[in-house]
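Q: Fold the following and give me the result.
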Amino acid sequence: MLQRWMLVFFISGCVTTFAHAKYQFSDKMKDATEITKKKNETIYQELDFKDKTSHENVRRGFIAPLLNEGNIKNVFDATALNFMQNKQAPATVNPSLWRHSQLVNFGGLFKVTDHIYQVRGQDLVNLTIIETKSGIVLYDIEYGADSLAQSIALYEQHRGKKPLKGVIISHSHADHYGGYEGIFKAGLAKKEDFTNKKIPLIAPMNFVEEAVSENVIAGNIMNRRAGYQYGNVLQPDAKGTVTAALGAGLATAAASLPIPNRTITKDGEKVKIDGVEFVFYLTPGAEAPAEMVMYIPQWKALSMAEEVNHLQHNIYTLRGAKTRDASVWSKYIGEAIVRWGDQVQVNFGPHTWPVWGNREVVEYMKNQRDMFQALYNVTLRYANFGYRPDDIAENAELPKSVFNKWDNRPYYGHTKNNLKSTYVRNLGWFSGNPVELAKYPDAERGKRYVEAMGGENKVLEIAVKIFEQGDYRFVADLLNNVVAYNGGNKNVNLLLADALEQLGYQEENALYRNLYLSGAVELRTGGSVPNQLNTASPEVLAALPPAQLMAYVSMIVDPVKAEKIGNFTTNLNLKGEEKFSLDMHNGVLTYVSGHENKKANGSLEISKTDLLQVVAGKSKLDDLFKSGKASIKGDRSVFNKLASVLSGPTKNDMNLVLPLQDANKVPQSLEMKNVSSKGLDNVSKN
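A: Purely as a prediction, here's the structure:
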C-alpha cells in the first residue's frame with residue numbers, strides 16, 4: 001500500500017520520495033487535463049455562439065484565395081495556420097479563441113467597396129490597395145518584404161498592374177511598415193522615387209522617432225518577446241499556436257524602415273493623391289505613440305487604423321512598449337464618431353475585417369469607445385477605494401453589455417492586463433505597500449523562499465499535489481522560485497512547462513496562450529530557443545536618420561568601460577548628411593546635432609555606411625583612415641577609445657523563463673561580481 005502512494009525519483013542527484021504517483025515527468029506535450037476540459041466547456045454557456053454575423057462579414061467581398069495558399073518558404077505558412085477551419089474546438093483551445101482564429105485566419109483578396117481592396121491573411125497586417133484615378137495607393141505595407149510582394153502579386157493577378165501613386169503608413173509599429181522592401185521586390189517603385197518625392201510616402205508626425213525608439217533602441221528584447229507573443233516558436237496546431245489574434249500570424253522576416261517624405265502634422269490635414277482626397281486625424285498616445293486615422297470623403301470610407309478592431313486591444317503590449325492611455329483612446333474614437341458618424345458607410349482597417357453600413361459602423365465604434373473608457377473608469381474607481389493593481393484585475397466588475405460582445409473579447413488585449421496597465425500608467429508600478437520596495441530580484445528572492453520551505457524537493461512535492469488539483473497558476477508561481485536561480489532542475493522545469501501548457505490551453509487571449517506555450521517550449525528544450533524576428537536589422541540601421549543613429553550609438557556604449565577611459569569631446573561629420581558634437585562624460589555619450597565644438601579633442605569625417613561597419617565591429621577605424629574612407633583632425637586616439645567601448649552585437653535568443661544564459665549577460669565589473677556573489681552566498685545551499 002505504501003508503495004502505491006510513494007514515488008521515488010532522482011532530482012539534481014538527490015533521491016526524493018513523496019505521495020501522488022500519478023504524475024509522470026516527461027518532456028512531451030500533454031493533452032488537456034479534465035480540469036482544463038471542463039473550464040473550456042463553460043465558455044459555451046457564457047457567450048452567444050449562435051451569432052454568425054462575423055462569419056458572414058469576414059467572407060464578404062471575397063475574390064480569390066492567397067497565392068500558393070499563402071505559403072512562403074521560411075517566411076509564412078498560411079496553410080498550417082488554417083487547420084481550424086470548419087472544425088469544432090478541441091479541448092486544448094478555448095472555444096472563443098478557436099472561433100476568432102477561424103475568422104481572422106481566413107485569407108485572400110477582398111473587395112471592401114468600389115476602389116478599395118484588401119489582401120488579408122498573408123501577414124499580421126492587411127494590405128489595403130486604394131485605386132485612384134490612374135493608379136493605386138498602398139495603405140500599411142505588412143511586416144515582411146516577401147509577404148508584401150506576394151500580396152501585391154495577388155492583387156495584380158485579378159485587378160491588373162497599376163502604377164504606384166502613393167504609400168500611407170498609419171502608425172509606428174513595425175508590422176505596418178516593415179515590408180517596405182517588398183514594394184521594390186514587386187517592381188512598383190525604385191527607392192529614388194521616394195527620396196526625390198516623386199511618389200508621396202505619408203506617415204504621422206514623429207513616426208520615425210517613435211519607430212526607432214520602440215523597434216531599434218529597444219528592439220532586441222522587444223523582438224525576443226514578440227517571437228513568444230506571436231507564437232513564432234510554436235508549431236501551428238491544436239496544442240500550439242492557433243492565431244496571432246490581429247491576423248493569422250507574423251511573418252518571419254527582418255523588417256525594413258521607410259523614411260516618410262510627407263508628414264502629417266495637424267488634424268484635418270488634407271492630401272490629394274491622383275484625384276483622391278484623404279483627410280487625416282492624428283491620434284497619438286492611444287494604440288501607438290505616433291498614429292493617424294484617415295477618411296476618404298468621396299467614398300465615405302473611414303479607416304480608424306488600429307484604434308478599432310474586432311477584439312479588445314492592449315493597453316500594455318506584452319512584447320514591450322510604452323503603456324497606452326485608455327481614456328485618450330476612447331476620446332479619439334468618440335471624436336471620430338462626431339466628425340464622420342453621420343456620413344461614413346464603411347470602416348476598414350489594417351487588422352481584422354471591415355464593417356459596412358452607417359448604423360453598423362457607428363455602433364461598432366461606440367462599443368469600442370465604451371470598452372476603453374470602462375477600462376479607465378473602473379481602474380481608477382477601484383484604485384480610489386484602495387485596491388491594488390492585482391486586486392483590481394481579479395475583482396473588478398465590468399459591464400457585460402460591453403465586454404461580452406464578440407468585438408470586445410480579449411483575444412489580443414487581456415482584460416486583467418489592461419486593468420493593471422491602466423493602474424500603472426496613471427499611478428505607477430508601486431501600490432503604496434512599502435514591502436514592494438524591499439523585494440529582492442527574482443533569483444535571490446526565489447532562493448530564500450525555497451530555503452524557507454525546506455528545499456527544492458519539498459517545493460516540487462507540493463507543486464505536484466497542486467498540479468493534480470488544477471491550480472496551475474500557483475504551480476507556476478511556486479516553481480518559478482526554483483527556476484529563477486536554478487535552471488538545471490529538470491523535473492522542476494518539466495512540471496512548470498506542464499502547468500504553463502494547461503494555462504495556455506485555457507486562454508481566450510491569443511498572446512497569453514502563445515506566451516504560456518512558448519515558455520513551455522523553452523523549459524522543455526533547455527533554453528536558447530531560436531529567434532528569427534529582427535526590427536533592428538542592418539537594413540533598418542542603414543535607413544536611420546543621422547540623429548536616430550546617434551541615439552542608437554549612445555545606447556550601446558558600455559558605461560563602465562567608458563568611465564575608465566575618461567572624458568573627451570569630439571566632432572563627427574557624417575559625409576553628406578549631418579554634423580554632431582559628441583561629449584563622452586562620466587561614461588555617458590551625449591550628442592548635439594548641427595553643432596561643432598571648437599575645443600574638441602578631435603574631429604572625424606566618415607560616411608554613415610562606414611560608421612555602421614565600425615559600430616557592428618566589421619571595420620576598424622585605423623583601416624578606414626589608411627584607405628582614405630575616414631579622415632581625422634586632432635587626437636586620433638579618442639576615436640579608437642570611442643570604438644573600444646561600443647558593445648558588440650547582442651544575441652537575440654535570450655531566455656525569458658529560465659535564468660539568462662552566461663553568453664547573453666552584460667559583462668560585469670569585478671566589483672559588481674563580488675557584490676552579486678555575496679548576495680547569494682548569504683543563503684545556504686540545498
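Q: average pLDDT across the helix or strand harbouring Leu503?
A: Leu503 belongs to helix 490-506 when assigned by DSSP states H and E. For helix 490-506, mean pLDDT rounds to 97.
Q: residues in contact with Ala326?
A: With contacts defined as C-beta atoms under 8 Å, 6 or more residues apart in numbering, Ala326 is in contact with Ile315, Phe372, Gln373, Leu375, Tyr376, Thr379, Asn418, Thr422, Arg425. Backbone N, C-alpha and C define where each C-beta goes, glycine included.
Q: what about 6 Å?
A: When contacts are counted by C-beta atoms under 6 Å, 6 or more residues apart in numbering, Ala326 touches Ile315, Phe372, Leu375, Tyr376, Thr422.
Q: residues contacting the third one?
A: Contacts for Leu375 were tallied using C-beta under 6 Å, 6+ apart; they are Ala326, Asn418, Thr422.
Q: quick one: the nearest residue to it once chain neighbours are set aside from Arg388, how far?
A: Closest residue to Leu375 apart from its sequence neighbours, by C-beta to C-beta, 6 or more residues apart in numbering: Ala326 at 4.6 Å. Note on Ala326: its distance to Arg388, by C-beta to C-beta, to the nearest Å, is 18 Å.
Q: And Gln122, by the same measure?
A: Distance from Gln122 to Arg388, by C-beta to C-beta: 43 Å.
Q: Kindly report the same for Leu124.
A: 34 Å.
Q: more crowded one of those two?
A: Neighbour count, other C-beta atoms under 10 Å: between Leu124 and Arg388, Leu124 has more, with 27 against 18.
Q: my read: that one touches Ala245, true?
A: No. Between Leu124 and Ala245 there is no contact under C-beta atoms under 6 Å: 9.2 Å.
Q: circling back: which neighbouring elements make contact with the helix holding Leu503?
A: Using 3 or more C-beta pairs under 6 Å, 6 or more residues apart in numbering; DSSP states H and E, the elements in contact with helix 490-506 are helix 34-41, helix 472-483, helix 510-525.
Q: how about the contacts of Leu375 in TSV, adding distance to Val450?
A: What follows is the contacts of Leu375, written out as TSV (distance: C-beta to C-beta, whole Å):
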residue	distance to Val450
Ala326	38
Asn418	33
Thr422	34
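Q: Including secondary structure, could those go into CSV?
A: What follows is the contacts of Leu375, written out as CSV (DSSP: H, G, I helix; E, B strand; the rest coil):
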residue, secondary structure
Ala326, helix
Asn418, helix
Thr422, helix
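Q: follow-up on the earlier one: out of the helices and strands packed on helix 490-506, which is closest to Gly182?
A: helix 510-525 (25.1 Å; C-beta to C-beta).
Q: and Ala292, that one's in a helix?
A: Slight slip there: residue 292 is Met, not Ala. No. With three-state DSSP as the criterion, Met292 is located in strand rather than a helix.
Q: Surely it and Pro284 touch.
A: No. Met292 is beyond contact range of Pro284, at 8.4 Å (criterion: C-beta under 6 Å).
Q: okay, those two: which has more neighbours?
A: Ranked by neighbour count (other C-beta under 10 Å), Met292 and Pro284 place Met292 first, with 25 against 19.
Q: Can you tell me the closest non-neighbouring residue to the more buried one?
A: Nearest to Met292 is Pro204, by C-beta to C-beta, 6+ apart, at 4.0 Å.
Q: hang on, the one you found packs against Thr263?
A: No. Contact criterion C-beta under 6 Å: Pro204 and Thr263 do not qualify, at 7.2 Å.
Q: Many thanks, I have nothing further to ask.
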